[in-house]
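S.K.: The following comprises the amino acid sequence and a computationally predicted model.
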Amino acid sequence: MKIALPIKPQKDEYLVSPAFGKAKFFLIYDTQSQDVKIVENEHLSGRDVVNILSKEKVEIVITNHLGGGAYQHMINCGIKPYYTESKNVPYKEVINQFLEGKLREFQPIDFMLMPHVDKK
């Protein structure tokens, strides 16, 4: 299974970004091979990054923030979005939370209640 997260590259680590569509980079983790791939979000758009992740055959996206348009596009592309409260932490922590069953799927009410987040 391939899992994607918005990230902020830092020195020797990739931290989970608090933004989704405005994140400049996404990390794709393959649970079978444990390979990591970094893809750039050139358009800084939620819908565009969903297209990129779909082409990469991502099945799960884990994020702290997600807009309604990106959420619906993800669902239409067969990608399941999961919510994490974690941000600015190493990506491995969030991957482990998911693999341990500690994260829940995003629901439509989640993005309706979220304010817009700028990239930071």
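M.R.: Received, thanks. Numbers count the residues shown, from 1 in each chain.

S.K.: in this protein, which segments are predicted with low confidence?
M.R.: Scanning the chain with the threshold set as pLDDT under 70 gives 110-120.

S.K.: which non-adjacent residue is nearest D35?
M.R.: Distance criterion Cβ to Cβ, 6 or more residues apart in numbering; nearest residue to D35, sequence neighbours excluded, is Y29 at 7.6 Å. Every residue, glycine included, has its C-beta placed from N, CA and C.

S.K.: helices and strands around the host helix or strand of the one you found, which ones?
M.R.: Element membership of Y29 [criterion: DSSP states H and E] is strand 25-30. Here strand 25-30 touches strand 2-10, strand 36-40, helix 46-55, helix 91-99, going by 3 or more Cβ pairs under 8 Å, 6 or more residues apart in numbering; DSSP states H and E.

S.K.: okay but the residue nearest to D35 is in contact with I3, surely?
M.R.: Yes - counting by Cβ atoms under 8 Å, Y29 does reach I3; the two are 4.9 Å apart.
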